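Visitor: Here is my input; please provide its structure:
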Amino acid sequence: MMLNSFKSRSLNVSSSSSGMFSLFGAPSTKSGTVVTVDNAMQISTVFSCVRVLSEGVACLPLHLYKKKDKSKEKAINHPLYDVLHSRPNSEHTPITFFEMIISSLCLHGNFYAQIIRSNRGDVKELIPLISKNVTKYRIKSTGEIVFTYYLDGKTYELKSDEVFEVMGLTLDGFTGLSPIAYQRESLGLAKAAVEHGSKYFANDATPPLALEVPKELNDDAYKRLKESWHEAHGKDNKFKTAILEQGTTAKQLSISHKDSQFLETRKFQRSEIAGMYRVPLHLINDLEKSSFNNIAHQSLEYVMYSLQPHLIRTEQAINNQLLTEEERKTYYAKFNVAGLLRGDIESRYNAYNTGRNIGMLCVNEIREMEELNPIENGDIYLEPLNMQEAGKDKNDD
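Guide: Sure thing, here's the model as predicted:
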């Protein structure tokens, strides 16, 4: 979030310190690493999964629709249409804004934005808030939900109708769960493996050695042996031939990467993290178990099982929080996923042909899906001559 974007004029400064952002505790994991929301993105698989999901949603067109009898049309004249489709606020494009929504859900479990309204009450802007700086609580005496936001050393209080909230997976229905906090041990193992590999190769992939002598050395001999070894084999001399005197032997202290199953551990953690986010492995550049046929099916599952929950959460949050009760009877927001499901040109045209022949699609609807302009008389639907109403006798008039 751009701090300059924060519209403090719509907030009331609160003297309460309860608005200090509450980071989940980040003790060391059993692997010895500390995992937080901030450093979790340094794990390449987490970064890849969050990027795949956030960019996947952000690249989809989102429109506000108006119901009209049994049909619908884009509600381009509604003030909210431009906010959702073209300009969420003065500093962010739609792709940036929706990337922030999904990445925040993937890391924190919640997304918050301040709602800026016009004098008429229409939504003018949605200003993203830093999720970890937001605390949500309910006032027991009134049942009212209030948000506090910590910014630049101050705590601000926002009413529920001033905050746009998208909630991730939740156990209590009040706040979403942070995947990072709940999967800290798995992420800690992945982080430990990365750190181990970095240290290993920083040492030129040379395991630590111990020099063993047949008898005890006096202080002078010990010092001379230590200094001569580091001088002869340290830094740029690591791979020079070692000459050992008077029965001295060099022994490797650690097991090899092969024996420690280092690569297997990294593969397993990559698969486990991808499973945590339900991202198909081929989308994070793991093609080991992929083929041309199953990649096509996995891409379909990516839309159905990976993106769809995020899409529905966002759509429902928009409908419930940014539209009035009366408007919800007529208007609704919807992402268009047709582009991700179109497949190759042959599959698309076969599907269009089927839809056209059974009277489900007209020519102009097909052309619209292909980003083509409508044609004259293109709104006519075909009716198959060899079909009739179920249960009706052929001889009936």
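
Visitor: Tell me which stretches of the stretch 251-397 of the chain form strands.
Guide: 331-335 (DSSP state E, counting those that start in this stretch).

Visitor: Would you map the helices across it?
Guide: 262-277, 292-301, 308-322, 338-341, 345-357, 363-369 (DSSP state H, counting those that start in this stretch).

Visitor: Mind checking those for the one nearest to residue 94?
Guide: Nearest to residue 94 among those is helix 308-322; the distance by C-beta to C-beta comes to 11.9 Å. Glycine gets a C-beta too; all of them are placed from N, C-alpha and C.

Visitor: Remind me what the closest one packs against, helices and strands.
Guide: helix 44-58, helix 94-107, strand 163-167, strand 331-335 (3 or more C-beta pairs under 8 Å, 6 or more residues apart in numbering; DSSP states H and E).

Visitor: Next, format these as CSV and append distance to residue 38 and mean pLDDT.
Guide: Shown next, in CSV, are the helices and strands packed on helix 308-322 (distance: least, C-beta to C-beta, whole Å; pLDDT from 0 to 100):
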stretch, distance to residue 38, mean pLDDT
helix 44-58, 11, 93
helix 94-107, 9, 96
strand 163-167, 21, 97
strand 331-335, 29, 95
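
Visitor: closest one to residue 148 among the ones you listed?
Guide: Nearest of the helices and strands packed on helix 308-322 (C-beta to C-beta): strand 163-167, 10.6 Å.

Visitor: Contacts for the first helix or strand past that closest one going along the chain, please.
Guide: Counting by DSSP states H and E, the next helix or strand C-terminal to strand 163-167 is helix 179-182. Residues outside helix 179-182 that contact it (C-beta atoms under 8 Å, 6 or more residues apart in numbering): 24, 35-37, 40, 46, 106-109, 168-169, 187, 276-277.

Visitor: Now for those: which two are most distant?
Guide: 36 and 169 (19.4 Å).

Visitor: Quick check: residue 216 vs residue 383, distance?
Guide: Residue 216 sits 101 Å away from residue 383, going by C-beta to C-beta, to the nearest Å.

Visitor: what residue ranges in the stretch 1-150 of the chain score low on pLDDT?
Guide: By pLDDT under 70, the low-scoring segments of the stretch 1-150 of the chain are 1-32.

Visitor: Please enumerate the helices of the stretch 101-250 of the chain.
Guide: In the stretch 101-250 of the chain, the segments counted as helices under DSSP H, counting those that start in this stretch are 179-182, 184-202, 219-233.

Visitor: comparing the ones you listed, which gets the lowest mean pLDDT score?
Guide: In terms of mean pLDDT, the lowest-scoring of those is helix 184-202 (a mean of 64).

Visitor: Let me see the contact set for the closest residue to residue 299 other than its chain neighbours.
Guide: Spatially, and ignoring its direct neighbours in sequence, residue 299 is nearest to residue 280 (7.2 Å; C-beta to C-beta, 6 or more residues apart in numbering). Residue 280 makes contacts with 274, 298-299, 301-302, 306, as judged by C-beta under 8 Å, 6+ apart.

Visitor: Pick the one among these closest to residue 121.
Guide: Closest to residue 121, out of all of those and judged by C-beta to C-beta, is residue 306, at 36.0 Å.

Visitor: Tell me how far the closest one lies from residue 166.
Guide: Relative to residue 166, and taking C-beta to C-beta, residue 306 is found at 16 Å.

Visitor: returning to what we had before: when residue 36 and residue 169 are compared, which one has more neighbours?
Guide: Neighbours were counted for residue 36 and for residue 169 using other C-beta atoms under 10 Å; residue 36 has more, 17 against 13.

Visitor: phi, psi of that one?
Guide: When quoted as degrees, to the nearest 10, the phi and psi of residue 36 stand at phi -130, psi 170.

Visitor: Pull up the gap between it and residue 333, please.
Guide: Residue 36 is 33 Å from residue 333, by C-beta to C-beta.
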